[in-house]
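Undergrad: Predicted model and sequence follow; I will ask about them next.
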Amino acid sequence: MTQRTITDRRTVLTGIATGTAAVTCGCLSGSEITGSETGDSIPGTNDVFEDIFVDGTELVLEFSDGSSTDHVNVIDPSGELFAEQPITAGVDRTRVEIGLEYDPGEYDVVALEDDEEQTTQSIVIEPDIRISNLRLARNHPEKMFEGASDIDIRTETIVRLENAGSGPDQATRLAFSGDVPRPTPDEYEMSGIYDTDSDIRRESEAVELPPGEGLTVYSQLMPFSESGQNVSCSPDTVEGTVEVTLETAVQDNLILEEYSVSFTGESLSECEIKIEDQP
């Protein structure tokens with residue numbers, strides 16, 4: 001579940017004006033609000049902001065009725081100015097682009113009027129990417145993308161990704177190792193993710209993962225190709241472990257999930273392959 005944290009900061013941040021980011025930091029006080037889905041309304045805690053949340057790759061600021069804010073500064077976790085935006089009188093909502101090259105952590109949103117601070121609230125912006133499900137396309141052909149070929153269905157996988165965090169991210173590399181017929185080479189530099197938006201069969205450069213949302217992707221690596229030599233199939237059943245790894249643009253740590261797999265049959269070309277049951 002997406003976590004969004006909005007906190008009043010009672011410590012005064014001085015010297016912040018248009019184009020300037022001189023910040024005097026102090027301790028946070030006030031209440032912490034967590035567990036809300038991205039886009040949900042959160043009652044305002046002062047007479048300036050009605051709500052602050054992340055939508056896609058943008059930070060959305062909603063102002064209370066009667067707000068006189070004419071400028072907003074967004075301060076990143078290191079205390080540097082991340083973004084600044086003038087606010088036209090009467091505007092009740094504005095958006096600040098976060099993009100996919102931001103530093104995860106707590107951001108301060110400073111509301112100003114005539115270069116004087118009105119209030120500061122903070123919001124944690126950080127992704128939490130997870131691999132929640134792995135299926136073999138051969139066992140679930142009805143869940144494959146439209147137009148999937150027989151070889152796609154025989155060799156590829158269906159992977160469910162979730163962003164349970166409060167910040168945007170994008171998947172940049174999907175890889176398979178362990179007991180799979182065709183492991184992903186370490187030197188492989190492409191994403192390994194099928195581009196469902198393309199008219200021709202090719203790999204996507206990256207797949208966006210908005211906060212609070214899930215996405216199904218399809219491998220483009222043929223990890224379960226019968227031509228692979230990394231595992232064998234036996235009538236007595238061979239059991240093993242498949243490791244699925246995912247790299248993303250923002251989240252520092254590599255995402256890794258392991259799944260039990262079994263191979264039963266005379267050969268890989270006629271093998272029954274099963275991945276442990278998934279919800």
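TA: That came through fine.

Undergrad: And the strands in the stretch 151-279 of the chain?
TA: Taking DSSP state E, counting those that start in this stretch as the criterion, the stretch 151-279 of the chain carries its strands at 157-163, 169-178, 207-209, 214-218, 238-248, 255-264, 272-275.

Undergrad: Relative to residue 58, which of these is closest?
TA: strand 207-209 (12.4 Å; C-beta to C-beta). For every residue, glycine as well, the C-beta is placed using N, CA and C.

Undergrad: that older thread, in TSV, list the strands of the stretch 151-279 of the chain along with mean neighbour count and mean pLDDT.
TA: Converted to TSV, the strands of the stretch 151-279 of the chain look like this (neighbours: other C-beta atoms under 10 Å; pLDDT from 0 to 100):
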stretch	mean neighbour count	mean pLDDT
strand 157-163	21	98
strand 169-178	22	97
strand 207-209	21	96
strand 214-218	17	97
strand 238-248	18	96
strand 255-264	16	96
strand 272-275	16	95
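
Undergrad: Now those in JSON lines, please, with extra columns for distance to residue 99.
TA: As requested, the strands of the stretch 151-279 of the chain are exported to JSON lines (distance: least, C-beta to C-beta, whole Å):
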{"stretch": "strand 157-163", "distance to residue 99": "15"}
{"stretch": "strand 169-178", "distance to residue 99": "10"}
{"stretch": "strand 207-209", "distance to residue 99": "11"}
{"stretch": "strand 214-218", "distance to residue 99": "19"}
{"stretch": "strand 238-248", "distance to residue 99": "14"}
{"stretch": "strand 255-264", "distance to residue 99": "21"}
{"stretch": "strand 272-275", "distance to residue 99": "36"}
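
Undergrad: nearest to residue 148, of those strands?
TA: Closest to residue 148 of those, according to C-beta to C-beta: strand 214-218, at 7.9 Å.

Undergrad: Which other helices and strands does that closest one contact?
TA: For strand 214-218, the packing partners by 3 or more C-beta pairs under 8 Å, 6 or more residues apart in numbering; DSSP states H and E come out as strand 157-163, strand 207-209.

Undergrad: want to try JSON lines for the ones you listed, with distance to residue 141 as columns?
TA: Supplementary listing: the helices and strands packed on strand 214-218 in JSON lines, determined by distance: least, C-beta to C-beta, whole Å:
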{"stretch": "strand 157-163", "distance to residue 141": "10"}
{"stretch": "strand 207-209", "distance to residue 141": "22"}
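
Undergrad: of those strands, which approaches residue 172 most closely?
TA: Between the helices and strands packed on strand 214-218, strand 207-209 lies closest to residue 172; by C-beta to C-beta that is 8.3 Å.

Undergrad: one step back: nearest to residue 132, of the helices and strands packed on strand 214-218?
TA: strand 157-163 (4.8 Å).

Undergrad: quick one: that closest one to strand 169-178, angle?
TA: 140 degrees (axes from the mean of the first three to the mean of the last three C-alpha atoms, to 10 degrees).

Undergrad: ok, strand 157-163: who's next to it in the sheet?
TA: Looking at strand 157-163 with DSSP bridges, its partner strands are strand 129-136 (antiparallel), strand 214-218 (antiparallel).

Undergrad: Which residues does the first one contact?
TA: Strand 129-136 is contacted from outside by 143, 157-165, 169, 171, 209, 214, 224, 242, 244, 246, 248, 251, 255-257, 259, 273-275, 278-279, using C-beta atoms under 8 Å, 6 or more residues apart in numbering.

Undergrad: Equivalent analysis for stretch 84-92, please.
TA: By C-beta under 8 Å, 6+ apart, the residues outside stretch 84-92 that reach it are 18-19, 50, 62-63, 65, 67-74, 94, 96.

Undergrad: likewise stretch 263-279?
TA: Contacts of stretch 263-279 (C-beta under 8 Å, 6+ apart): 133-136, 138-139, 181, 224, 226, 228, 231-235, 237-240, 242, 259-262.

Undergrad: In TSV, list the strands paired with strand 157-163 along with distance to residue 102.
TA: Listed next are the strands paired with strand 157-163 as TSV, based on distance: least, C-beta to C-beta, whole Å:
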stretch	distance to residue 102
strand 129-136	15
strand 214-218	20
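
Undergrad: among these, which is nearest residue 147?
TA: Across the strands paired with strand 157-163, closest to residue 147 is strand 214-218 (C-beta to C-beta), at 11.4 Å.

Undergrad: Can you name the element that comes right after the helix-or-strand element of the chain with minimal mean pLDDT?
TA: Ranking every helix and strand in the chain by mean pLDDT, DSSP states H and E puts strand 6-8 at the bottom, with a mean of 38. Toward the C-terminus, strand 6-8 is succeeded by strand 49-55 as the next helix or strand (DSSP states H and E).
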